[in-house]
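Student: got a structure for you, letters missing:
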């Protein structure tokens, strides 16, 4: 195998280096701040080291891998190394380096080193393109999210809907996992196109009916985690949203079985007046979006509840 190829990308951000480091170090934020990232899960944690599972898109394809990270908050560095890579990647690692660059300004450098399976030139070219595209989009998104942190706080919100079910968590999970059957099972779903080339990693395109009878198309990537959780990131978004991520959870407790649907949304402020009228502001947009998403979530949860209870 040849020597790893090494590349570097960088960007200057109008924010203190410590704040930038904090945002990168917290992987829970990654689906919100990095466009390619669908979901990140902590698999192990010990001191400054952690093992994470990452699901992300690369050149339009959904991929997943595990990566070991070492956090160094004093040096403002984070090193990472994929432990299990997905072809055509044979190995992948690198370092985030955050450097102060003046008062309230920092320079972020993102280093990668990688090899392709069997040193295949076509595979290496694919990795070159994926690393370049993802690095540029990650750094641009990082810059945007850090510099607009104050505005994003007002525009970002999360909420959750939950139902109690006299049935099994497995049946609830199956109902949500089998989204290819939603057009038969859910009145608000007109058509569904589901692909799952990698077990547990789904691409879901769906035409949904609104109250006025119109339909709109959405596309999401979904990560299905062993009967306990289905996380997703919507990539085709309505005009009022800059971002929409969420997850379904299913748990059995002494008080009963519960199914929940959680959403995190970032609003698109420039479209609020256009869609909701000149008098509408962020509060009205939040209420409108939450109402629309909750209506569909609750409909799905209640149909899942009926399905699980019928199978007791």
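Tutor: Happy to help now that I have it. No experiment lies behind these values; they were computed from the predicted model shown.
Student: pretty sure residue 88 contacts residue 126?
Tutor: Yes. In this structure, residue 88 is within contact of residue 126 by Cβ atoms under 8 Å, at 5.4 Å. C-beta: built from backbone N, CA, C; applies to glycine.
Student: I figured residue 91 hits residue 83, correct?
Tutor: No. The pair residue 91 / residue 83 is not scored as a contact, 9.9 Å apart, by Cβ under 8 Å.
Student: rewinding a little: now for residue 88 and residue 126: what residues contact both?
Tutor: residue 116 (Cβ atoms under 8 Å, 6 or more residues apart in numbering).
Student: ok, residue 210 to residue 53 distance?
Tutor: Noted for residue 210: a distance of 35 Å to residue 53, by Cβ to Cβ, to the nearest Å.
Student: does residue 127 count as helix, strand or coil?
Tutor: Following DSSP: H, G, I helix; E, B strand; the rest coil, residue 127 is assigned to helix.
Student: right, and it touches residue 114 too?
Tutor: Yes. Here residue 127 reaches residue 114: they are 5.6 Å apart, a contact under Cβ under 8 Å.
Student: which neighbours do the two share?
Tutor: In contact with both residue 127 and residue 114: 89, 92, using Cβ under 8 Å, 6+ apart.
Student: So for those two, which residue has more residues nearby?
Tutor: residue 127 (25 against 22; other Cβ atoms under 10 Å).
Student: got the contact list for that one?
Tutor: Applying Cβ under 8 Å, 6+ apart to residue 127 gives the contacts 88-89, 92, 114, 116.
Student: Pairing partners for residue 258 in the sheet, please.
Tutor: With DSSP bridges as the criterion, residue 258 is bridged to residue 164, residue 251.
Student: who touches the residue nearest to residue 281 when sequence neighbours are not counted in this structure?
Tutor: Using Cβ to Cβ, 6 or more residues apart in numbering and skipping residues adjacent in sequence, the residue nearest residue 281 is residue 272, 6.7 Å away. By Cβ under 8 Å, 6+ apart, the contact set of residue 272 is 240, 280-282, 284-285.
Student: One more pass at 7 Å, please.
Tutor: 240, 280-281, 285 (Cβ atoms under 7 Å, 6 or more residues apart in numbering).
Student: and what of residue 126?
Tutor: Listed by Cβ under 7 Å, 6+ apart, the contact set of residue 126 reads 59, 88.
Student: and stretch 115-132, how far from the chain's centre?
Tutor: How far stretch 115-132 lies from its chain's middle: 24 Å, per Cα atoms, centre = their mean, to the nearest Å.
Student: Give me the buried positions along that stretch.
Tutor: 115-117, 123-124, 126-127, 130-131 (16 or more other Cβ atoms under 10 Å).
Student: just checking, which of the residues you listed belong to helices?
Tutor: In helices, defined here by DSSP state H, the members of the buried residues of stretch 115-132 are 123-124, 126-127, 130-131.
Student: between those residues, which is closest to residue 231?
Tutor: residue 130 (21.7 Å; Cβ to Cβ).
Student: For that closest one, which non-adjacent residue is closest in space?
Tutor: In space, and not counting its chain neighbours, residue 130 is closest to residue 58: 4.1 Å by Cβ to Cβ, 6+ apart.
Student: Got the domain ranges for the chain?
Tutor: 5-147, 153-310 (automatic domain parsing).
Student: Redo those as CSV? Include mean pLDDT.
Tutor: Below are the domains of the chain laid out as CSV (pLDDT from 0 to 100):
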stretch, mean pLDDT
domain 5-147, 93
domain 153-310, 94
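Student: can you list the ones in helices among the buried residues of stretch 115-132 in TSV and add distance to residue 44?
Tutor: Output for those, formatted as TSV (distance: Cβ to Cβ, whole Å):
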residue	distance to residue 44
123	29
124	30
126	29
127	26
130	26
131	25
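Student: ok, so of those residues, who is nearest residue 147?
Tutor: Relative to residue 147, the closest of these is residue 131; by Cβ to Cβ it sits at 24.1 Å.
Student: which residues does that closest one contact?
Tutor: By Cβ under 7 Å, 6+ apart, the contact set of residue 131 is 7, 112, 114.
Student: how about stretch 221-239: buried residues?
Tutor: Neighbour-count burial for stretch 221-239 flags 221-225, 229-235 (criterion: 16+ other Cβ under 10 Å).
Student: any idea which of the residues you listed is closest to residue 310?
Tutor: Relative to residue 310, the closest of these is residue 230; by Cβ to Cβ it sits at 20.9 Å.
Student: I figured that closest one hits residue 247, correct?
Tutor: Yes. Using Cβ atoms under 7 Å, residue 230 is in contact with residue 247, at 6.4 Å.
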